[in-house]
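**Q** A predicted structure for the sequence below; I have some questions about it.
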Amino acid sequence: MLATLLAGTALTLSAPALSQDTGTPAAAASDDQNVIIVTAQKRAQNLQDVPVAITALGTEKLAELGVNELEDAVKFLPSVTIQTGGPGFSQVYFRGVASGENANHSTSQPTVGTYLDEMPITTIQGALDIHAYDLARIEALAGPQGTLYGASSMAGTIKLVTNPPDYSASYGAFDSEINAVAHGSIGGQVEGFYNARLSDSAALRVVAWYRHDAGYIDNVAGSRTYPTSGITQNNANLVQNDYNDVDTYGARAALGIELDDSWTIRPTVMGQIQESNGNFAQERSTAVSGDLQTVQYNPEHSEDRWIQAALTIEGKIGNWDLVATGGHLWRSDEVSQDYSDYAFFYDSLYGYGAYFYDNSGALVNPNQYINAADKYRRWFGELRISSPQDNRLRLIAGLFAQRQQHDITQNY
């Protein structure tokens, strides 16, 4: 369990601009579609004007590169790498900086913070595996970001920013895809959104998606004999080609309301379920005959469910900008994992098979597997105020608090 309270300020001194003032960054972006507006410094700025190491992929670029998830985006972010043990269990690194985290449920916090809009969504076992659809941009901030982003941002921060409700018109889109995985089977996805203009000052944006990632690892036939008992185990009932497939489905709803010319309120709810089968590692042993093969003796499956609810209020006090935001994240993981390799080697090296017997004293199969369940709960609240952006001396000050709880169950 972890609770954090942070109060901070940031000062920036800028040189006078030599070009004519073109208004706010958002207005400039509407005039030039090549302008990318980012919020790396907790205020809307042109990417070219941000004096920090940042890479941003906008909506059009994400679509052009075929980005469906964070793992896809990392391929196009300099100095960022990702290590994954399967869907929902990925660790992100900036410039190779790590503090001992390895995606284990009992290890240290990650060194890279992950944000969904204004909310931190970093968890010990890995970042949320969010389907990247209808995103305004993905921002990658390299280097320590603790002043503005707090815990787990020692090496950097990843921000996934969704498209907000649009008050100008009602419109939508629907996309579908069928794909084939090299050395695997057939996958595909359907996704769509609808932006409903409710009035001149209110709009609702609804997004939904489903994606099937085809498998590419074959679970091939195998058998093993435990030395102590002489019992032979095989996996005949689990042999399957391309058995590590994944199904992902979720939705997001965001309501935008302009209370007046200065104040806006935006509640958002987003959730996703991700179900994966099999194992995502290939085996290197005499038990397999080729690449992308493994020999597993127990069913393997994981289900990652999460829902996030957040509320953001933005407004002005005089010519100063005020943002009040808060939210709650609920995440639950259920995992079934083969543990028979450990059982076999424990028996081979130390004779552990002698401790597995029935009521009559007869030795039984020492095969082992894991049923695990993890529950995450996180709430946060932030209040910040910032001075006018066109001032040479700019100030951001605020308060931030969060509480995180992680409940672990491991049955072997």
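**A** Perfect, thanks for sending it. Numbering: from 1, shown residues only.

**Q** contacts and neighbour counts: CA atoms only from here.
**A** Noted.

**Q** Which secondary structure element is home to Leu349?
**A** For Leu349, the host element (DSSP states H and E) is helix 340-350.

**Q** tell me which residues of that helix are tucked away?
**A** By neighbour count on 16 or more other CA atoms under 10 Å, the buried set for helix 340-350 is Ser340, Asp341, Ala343, Phe344, Asp347.

**Q** again with stretch 217-233
**A** For stretch 217-233, using 16+ other CA under 10 Å, the buried residues are Ile217, Asp218, Asn219, Val220, Ala221, Gly222, Arg224, Tyr226, Pro227, Thr228, Ser229, Gln233.

**Q** Looking at stretch 349-361 now, give me its mean pLDDT.
**A** For stretch 349-361, mean pLDDT rounds to 93.

**Q** For Ser30, give me the pLDDT.
**A** Reported pLDDT for Ser30: 44.

**Q** of all the buried residues of helix 340-350, which comes closest to Leu393?
**A** Asp341 (61.6 Å; CA to CA).

**Q** how far away is the closest one from Glu300?
**A** 14 Å (CA to CA, to the nearest Å).

**Q** With Thr248 instead?
**A** 17 Å.

**Q** The stretch 1-150 of the chain: helices as residue ranges?
**A** 25-31, 59-64, 70-74, 146-149 (DSSP state H, counting those that start in this stretch).

**Q** Show me what the second one is packed against.
**A** Read it as helix 59-64. strand 135-142 (3 or more CA pairs under 8 Å, 6 or more residues apart in numbering; DSSP states H and E).

**Q** Name the helix or strand for the closest residue to Leu322 other than its chain neighbours, please.
**A** Spatially, and ignoring its direct neighbours in sequence, Leu322 is nearest to Ile385 (4.5 Å; CA to CA, 6 or more residues apart in numbering). Using DSSP H and E, Ile385 sits in strand 369-386.

**Q** That strand: partners in the sheet, and parallel or antiparallel?
**A** Sheet pairing for strand 369-386, assigned by DSSP bridges, gives strand 320-338 (antiparallel), strand 393-411 (antiparallel).

**Q** ok, back up a step: so, if you compare the buried residues of helix 340-350, which one comes nearest to Trp306?
**A** Distances from Trp306 to the buried residues of helix 340-350, taken by CA to CA, are shortest for Ser340, at 29.8 Å.

**Q** That closest one: what's it in contact with?
**A** Counting by CA atoms under 8 Å, 6 or more residues apart in numbering, Ser340 touches Gln296, Tyr297, Asn298, Asn367, Gln368, Tyr369.

**Q** what does Pro78 give?
**A** Residues in contact with Pro78 (CA under 8 Å, 6+ apart) are Thr55.

**Q** change it to 10 Å
**A** By CA atoms under 10 Å, 6 or more residues apart in numbering, Pro78 lies in contact with Ile54, Thr55, Phe94, Arg95, Ala140, Ala142.

**Q** nearest to Arg252, of those residues?
**A** Ala140 (22.6 Å).

**Q** Which of the helices or strands spans the closest residue to the closest one other than its chain neighbours?
**A** Residue nearest to Ala140 in three dimensions, not counting chain neighbours: Ile158, with 4.8 Å by CA to CA, 6+ apart. Under the criterion of DSSP H and E, Ile158 resides in strand 156-162.

**Q** still on that earlier bit, list the beta-bridge partners for the residue nearest to Ala140.
**A** Bridge pairing for Ile158 - DSSP bridges - gives Thr114, Ala140.

**Q** Please look at it and Leu141 and confirm they touch.
**A** Yes - Ile158 is in contact with Leu141 according to CA atoms under 10 Å; the separation is 6.4 Å.

**Q** Would you mind listing the residues touching both of these two?
**A** Contacts common to Ile158 and Leu141, judged by CA under 10 Å, 6+ apart, are Ala40, Ile54, Thr55, Ala56, Val80, Phe94, Val112, Gly113.
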